[in-house]
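Colleague: A structural model of the following input is requested.
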Amino acid sequence: MARRPWILPVLATLLLLVGPEIVLRIAGWPPDPVSERMAWDPDTLWTVPSRGSVHLTPFEQNEYGLRGQVLGRKQEGERRIACLGDSSVFGVGVPDDATFCARLAAAFPGTRAVNAGVPGYSTEEVLRQFPLRVAPARPDLVVVATLWSDNNMDTFVDAEVFAELERERAGPRALVEPLVRRSATVRAAARLAGVPDTRLVRWGTVGQGQGTGRRRVPIATYAENLHRLAGLSAGVGAEVVFLVLANEEDLRTDVRAWAWDPYREVMRAEARRLGTPVVETPEAFRAAGGARDLLIDAMHPSRRGHEVIARALEEALRARGWDRGGRVMGQEGPAPPVPRDPWQEPAPPGVNHPAVAGVVLQAPALRHPVRIEAVDPATGAVLDRVDLPGPAAFALDVPPQRVLLRARSRSLSPPEVVLGGDPVDAGAAWGLRVDLLAARVSRPGGGTP
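Modeller: Presented below is the predicted three-dimensional model:
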């Protein structure tokens with residue numbers, strides 16, 4: 001048998017190249033740290049994967065990379081309804097044909113659904129998604145339901161992430177990143193070289209660990225983005241309706257201000273500007289009895305919830321005669337003023353504005369629910385309180401007076417702390433940022449209230 005002296009060097013080389021890859025993957029360090037089975041997308045940061053499930057929700061993907069059956073070539077007389085938004089539009093927890101988008105299309109003969117919902121999408125992602133995956137489907141009507149992700153107070157701001165992405169596209173990172181997403185070894189080497197994972201999608205938590213409590217999309221940008229989406233829709237011959245989605249707080253009996261209220265105001269104002277309907281899911285849910293079975297968790301509609309939403313949209317379209325070929329939108333009016341955001345900046349008091357508003361910043365050690373209280377410094381009486389599951393926006397409704405802010409949580413030591421030490425002026429204390437672990441209260445850009 002002839003000797004083959006090259007075999008050992010080849011095997012050694014293969015072991016050197018493949019060995020670390022195998023070890024890293026067995027150790028649970030994959031090449032692409034994608035969570036929730038979302039897929040990287042160089043244009044929108046992430047999108048739904050080509051197969052599998054999202055949040056344990058199996059789904060079928062069509063030729064546009066969206067949820068739903070293959071649509072094929074649009075036939076003469078066929079109409080299509082596209083629905084834009086995040087996981088509530090995608091339909092977490094319900095089958096393909098049970099989403100409100102699919103149900104709405106089924107209510108009109110000869111109409112098909114284009115479910116463009118992607119978990120975590122804000123208007124910034126949708127603006128980039130539209131020309132790539134929605135416009136080619138040639139929708140006749142667009143339902144814009146994008147709000148939850150925009151108003152989120154998260155660890156990143158969408159515009160800043162996209163700006164960083166554009167800078168990276170012009171640098172060496174653009175050459176390395178495709179390899180990083182395919183090789184655990186290259187990813188490990190990149191990390192050792194100081195290259196972070198921020199471009200590798202962690203659904204909804206890009207830049208995690210640097211808690212800022214800033215809106216993902218500032219309210220003025222949100223207003224502009226809604227109008228741009230209407231313009232993109234008009235560019236493909238589609239009309240627009242707006243959909244205000246609901247969460248569990250909308251089913252509560254007590255009335256208080258919430259951090260998403262100003263964003264809902266903006267959506268309603270944009271609908272008035274375009275002369276188009278805005279369908280109110282909170283009202284539809286309350287009319288349906290306000291039952292808990294309308295939601296599968298704090299905010300995602302259940303199968304019945306999707307049915308109620310579809311019915312409300314159908315009624316709004318029929319009222320405008322869309323089923324008979326009528327126009328949904330009216331003549332465009334002037335741009336409305338953008339409301340101030342009391343959770344982010346000092347703002348004059350107004351209707352539905354809270355007396356004290358802000359956000360509890362992220363903290364790795366904060367693992368238990370938090371109660372924020374407004375306390376009368378003279379009597380010690382609790383004037384208002386709000387319970388939060390963790391870092392989140394909060395609002396307190398109290399008379400216009402000086403109040404102490406107090407926090408209670410099992411994560412704190414001691415479990416009850418006075419925040420900031422000094423009272424704040426209720427009625428003028430907006431945009432507060434609360435660092436629970438340091439028991440500190442500040443305003444955006446620094447400074448104490």
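
Colleague: For R214, list the residues it contacts.
Modeller: Applying C-beta atoms under 8 Å, 6 or more residues apart in numbering to R214 gives the contacts M153, D154, V157, Q344, P444. Heads up, the C-betas are built off the backbone N, CA and C, glycines and all.

Colleague: Tabulate the residues you listed (CSV), appending pLDDT and secondary structure.
Modeller: As requested, the contacts of R214 are exported to CSV (pLDDT from 0 to 100; DSSP: H, G, I helix; E, B strand; the rest coil):
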residue, pLDDT, secondary structure
M153, 86, strand
D154, 76, strand
V157, 87, coil
Q344, 86, coil
P444, 67, coil
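
Colleague: quick check, nearest of those residues to R292?
Modeller: For the contacts of R214, the closest approach to R292 (C-beta to C-beta) belongs to M153, at 25.9 Å.

Colleague: my guess is that closest one meets I219, correct?
Modeller: No. Look at M153 against I219 with C-beta atoms under 8 Å: they stay out of range, at 12.0 Å.

Colleague: shared neighbours, those two?
Modeller: Common contact partners of M153 and I219 (C-beta under 8 Å, 6+ apart): none.

Colleague: Tell me how far the residue most central in space within the chain lies from V278.
Modeller: Central residue of the chain (C-alpha atoms, centre = their mean): S149, 1.9 Å from the mean position. Distance, S149 to V278, using C-beta to C-beta, to the nearest Å: 19 Å.

Colleague: next one: F285
Modeller: Distance of F285 to V278, given as C-beta to C-beta: 15 Å.

Colleague: So between those two, which is more surrounded?
Modeller: The neighbour comparison of F285 against V278 (other C-beta atoms under 10 Å) goes to F285, with 25 against 18.

Colleague: Please point out which parts of the helix or strand that that one is a member of sit buried.
Modeller: Using DSSP states H and E, F285 sits in helix 281-287. For helix 281-287, a neighbour-count test (16 or more other C-beta atoms under 10 Å) marks T281, P282, A284, F285 as buried.

Colleague: which residues of the stretch 151-300 of the chain score low on pLDDT?
Modeller: Scanning the stretch 151-300 of the chain for pLDDT under 70 picks out the ranges 168-212.

Colleague: In it, what residue spans correspond to strands?
Modeller: Taking DSSP state E, counting those that start in this stretch, the strands of the stretch 151-300 of the chain run over residues 153-154, 214-215, 239-244, 278-280.

Colleague: Could you save these as JSON lines and add columns showing distance to D140?
Modeller: Formatted as JSON lines, the strands of the stretch 151-300 of the chain follow (distance: least, C-beta to C-beta, whole Å):
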{"stretch": "strand 153-154", "distance to D140": "34"}
{"stretch": "strand 214-215", "distance to D140": "32"}
{"stretch": "strand 239-244", "distance to D140": "7"}
{"stretch": "strand 278-280", "distance to D140": "17"}
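
Colleague: just so I know, which of the ones you listed lies nearest D376?
Modeller: Closest to D376 of the strands of the stretch 151-300 of the chain, according to C-beta to C-beta: strand 153-154, at 27.7 Å.

Colleague: roughly how far is the closest one from the heart of the chain?
Modeller: 9 Å (C-alpha atoms, centre = their mean, to the nearest Å).

Colleague: related to what we said a few turns ago, check the contacts of R214 against G231 and report the nearest one.
Modeller: Distances from G231 to the contacts of R214, taken as C-beta to C-beta, are shortest for V157 (23.1 Å).

Colleague: That closest one: how many residues sit nearby?
Modeller: Using other C-beta under 10 Å, V157 has 20 neighbouring residues.

Colleague: distance of the spatially closest residue to it that is not a sequence neighbour from Y263?
Modeller: Leaving out its chain neighbours, the residue that sits closest to V157 by C-beta to C-beta, 6 or more residues apart in numbering is R214, at 5.4 Å. Using C-beta to C-beta, we find R214 at a distance of 14 Å from Y263.

Colleague: Could you do F394 as well?
Modeller: Applying C-beta to C-beta, the value for F394 to Y263 is 16 Å.

Colleague: Next: D297.
Modeller: Distance, D297 to Y263, using C-beta to C-beta: 20 Å.

Colleague: what does S233 give?
Modeller: Counting by C-beta to C-beta, the gap from S233 to Y263 is 20 Å.

Colleague: tell me the SS of L127?
Modeller: For L127, the assignment made with DSSP: H, G, I helix; E, B strand; the rest coil gives helix.

Colleague: My guess is it contacts R228. True?
Modeller: Yes. Using C-beta under 8 Å, L127 is in contact with R228, at 6.0 Å.

Colleague: Of these two, which one has the most company?
Modeller: The neighbour comparison of L127 against R228 (other C-beta under 10 Å) goes to L127, with 21 against 14.

Colleague: show me the contacts for the more buried one.
Modeller: N225, R228, L229, L232.

Colleague: what does F59 give?
Modeller: V48, S53, R67, G68, G91, D96.

Colleague: would CSV of these with neighbour count and pLDDT be doable?
Modeller: Formatted as CSV, the contacts of F59 follow (neighbours: other C-beta atoms under 10 Å; pLDDT from 0 to 100):
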residue, neighbour count, pLDDT
V48, 23, 87
S53, 13, 73
R67, 26, 94
G68, 23, 93
G91, 29, 95
D96, 19, 94
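
Colleague: Widest-spaced pair of those?
Modeller: Every pair of those checked by C-beta to C-beta; the farthest is S53 and G68, at 14.7 Å.

Colleague: quick one on the thing from earlier: for V360, which of the strands of the stretch 151-300 of the chain is the nearest?
Modeller: V360 lies closest, by C-beta to C-beta, to one member of the strands of the stretch 151-300 of the chain: strand 153-154, at 9.1 Å.

Colleague: Adjacent strands (with direction) for that closest one?
Modeller: strand 214-215 (antiparallel) (DSSP bridges).

Colleague: For the stretch 151-300 of the chain, just list every one of the helices.
Modeller: 158-169, 173-180, 184-192, 219-235, 261-274, 281-287 (DSSP state H, counting those that start in this stretch).

Colleague: Using TSV, lay out those helices together with distance to R73.
Modeller: Putting those into TSV (distance: least, C-beta to C-beta, whole Å) gives the following:
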stretch	distance to R73
helix 158-169	33
helix 173-180	33
helix 184-192	41
helix 219-235	21
helix 261-274	30
helix 281-287	33
